[in-house]
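[1] Task: produce atomic coordinates for the following.
(chains A and B)
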Amino acid sequence: MTSLPVDISNYVGLSAVIFFIGVAGVLTRRNPLIVLMSIELMFNAANLALIAFSRFWQNNAGHIFAFLVITVAAAEAAIGLAIVVVAFRRAKNVDVDEVAGLHG
Amino acid sequence: MILFWILAIALVLSAVFTVTQKSPVYSVVGLLANFVALAILYLTLNAEFVFVMQIVVYSGAVLVLFLFVIAMLSSGVGPFAEGPNRLPRIIGPALGVVAVGAAALVYTIARVPLQEPAPQASATLGQAGQAGVFGSVADFGAALFSTHLLPFEVTALILLVAVVGVVVLAGDAAPMPTRGRHAVRRAAREREPIAKVRR
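    Predicted coordinates:
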């Protein structure tokens, strides 16, 4: 097994498609939980590109970077969900358009 | 090759499902399918350890965290049931973002070389699961604990920051009474419980 099953550009294109589905979710949804899930989709798309390029160059630095991205994504999810819980506790309202406590 | 296209279709469909569902619980199910398909795709790219981590960290930890928060907050609450209704207002900027992204994508794909090079290879390819082979757990571990030790330490710091941040944000509302017995007692009385228990 020395060659990729399909061209690397297929992996990059798939990664971009998933990333933009995530972007669409962040832009269009008002539910903060689904916004956070869309952000996770975008993290995963970035990871797919990293892993694909890592396999392409046969250099495992991309795996290390994907590991770091997974850690950051987990931390981001934990803190984001904590913010959602706090916002819900304060206002009983979690519409991302109406949570504006930090608005200048 | 057939496996790649099956996984690609599963990935796109589950991502669209995740983004378009009304109820966040269905979104979590879609996200689970997405993560599992992506993990199998990692395995086809020789990334064994990332495959395991994808299953354990994402499907195991992050999604369960989402489910806990949904279970805590969304029992019969109105705003959680709202669908995608911001689209009319943001359609202009959204189209701009998508256009710029698509242009960048076309440019990137056009510049990706199609021959498979190996000038910077960190290990050779071989059968999955063997030591010293690109993408094996041994290869990943050796790289993580020698060449890339600093990112590993930074990972630990990021997790520490996340733990402290979550406890500060979602823990007790008044965790540090200023001083004196009265302040302590008042803080205990005013403290907001993490979950309201109906007696």
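[2] Could you pull up the residues touching A:Ala77?
    Counting by C-beta atoms under 8 Å, 6 or more residues apart in numbering or on different chains, A:Ala77 touches A:36, A:40, B:62, B:65-66. Bear in mind the C-beta positions are built from the backbone N, C-alpha and C, glycine included.
[3] one more time with 10 Å
    The neighbours of A:Ala77, taking C-beta atoms under 10 Å, 6 or more residues apart in numbering or on different chains as the test, are A:36-37, A:39-40, A:43, B:57-58, B:61-63, B:65-66, B:69, B:162.
[4] Ok, B:Ala156 next?
    Contacts of B:Ala156 by C-beta under 10 Å, 6+ apart are A:Thr71.
[5] For it, what is the enclosing helix or strand?
    helix B:149-170 (DSSP states H and E).
[6] right, and A:Val85 touches B:Val166 too?
    Yes - counting by C-beta atoms under 10 Å, B:Val166 is a contact partner of A:Val85 at 9.3 Å.
[7] wait, isn't B:Ala138 in contact with B:Phe49?
    Yes - using C-beta under 10 Å, B:Ala138 is in contact with B:Phe49, at 9.5 Å.
[8] For the two, indicate the residue with more neighbours.
    B:Phe49 (21 against 15; other C-beta atoms under 10 Å in any protein chain shown).
[9] what's the pLDDT at that one?
    The score at B:Phe49 is 90. That number is its pLDDT.
[10] do B:Val52 as well
    On the pLDDT scale, B:Val52 gets 92.
[11] burial of it, as a residue count?
    Using other C-beta under 10 Å, B:Val52 has 14 other residues around it.
[12] correct me, but it touches B:Val137?
    Yes - look at B:Val52 against B:Val137 with C-beta under 10 Å: they come within range, at 8.0 Å.
[13] what about the chain, any weak spots by pLDDT?
    Picked chain A for this. A:1-3, A:91-94, A:96-104 (pLDDT under 70).
[14] wait, chain B
    B:74-89, B:112-132, B:172-199.
[15] Let me see the domain layout of it.
    Domain ranges of chain B: B:1-74+B:129-147, B:149-199, per automatic domain parsing.
[16] can you give me the end-to-end distance of the first one?
    Meaning domain B:1-74+B:129-147. End-to-end distance for domain B:1-74+B:129-147: 33 Å, by C-alpha to C-alpha, to the nearest Å.
[17] For B:Phe66, list the residues it contacts.
    Contacts of B:Phe66 (C-beta under 10 Å, 6+ apart): A:33-34, A:36-37, A:40, A:77, A:80-81, B:24-25, B:27-28, B:31-32.
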